[in-house]
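# The following block contains a protein sequence and its predicted model.
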Amino acid sequence: MTAIFKQLITQGESAIAMWGPGIAAIITTAFVMKQPFKNLRLNTLGAKHFYLWVMASANRITVIG
């Protein structure tokens, strides 16, 4: 295996693992506990401009670096 291929495999596994807790919370809430989706409280993140600022900053740092 080449080094690039190993890196791509590692990134893919990390991306899949990142989604695991969120999907598990959705499945548990909707199908196991039989509660409405709003109980996950995804709408209580706070001010959206802070999240947009962080997202934009991360993109700038990636491009600059």
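Here it is on my side, so go on.
# now the helix or strand residue 51 falls within, how far from the chain's geometric center?
Assessed by DSSP states H and E, residue 51 sits inside helix 48-64. Between the centre of helix 48-64 and the centre of its chain there are 15 Å (Cα atoms, centre = their mean, to the nearest Å).
# just stretch 47-55 next, same as before
With Cα atoms, centre = their mean as the basis, stretch 47-55 stands 15 Å off its chain's centre.
# Looking at that stretch now, give me its mean pLDDT.
In this model, stretch 47-55 has a mean pLDDT of 78.
# ok, and what's touching the longest helix seen in the chain?
In the chain, ranked by residue count with DSSP state H as the criterion, the top helix is helix 3-27. Identification of contacts with helix 3-27 by Cβ atoms under 8 Å, 6 or more residues apart in numbering yields 37, 40. For every residue, glycine as well, the C-beta is placed using N, CA and C.
# picking up where we left off before, which other helices and strands contact the helix holding residue 51?
Packing partners of helix 48-64 (3 or more Cβ pairs under 8 Å, 6 or more residues apart in numbering; DSSP states H and E): none among the helices and strands.
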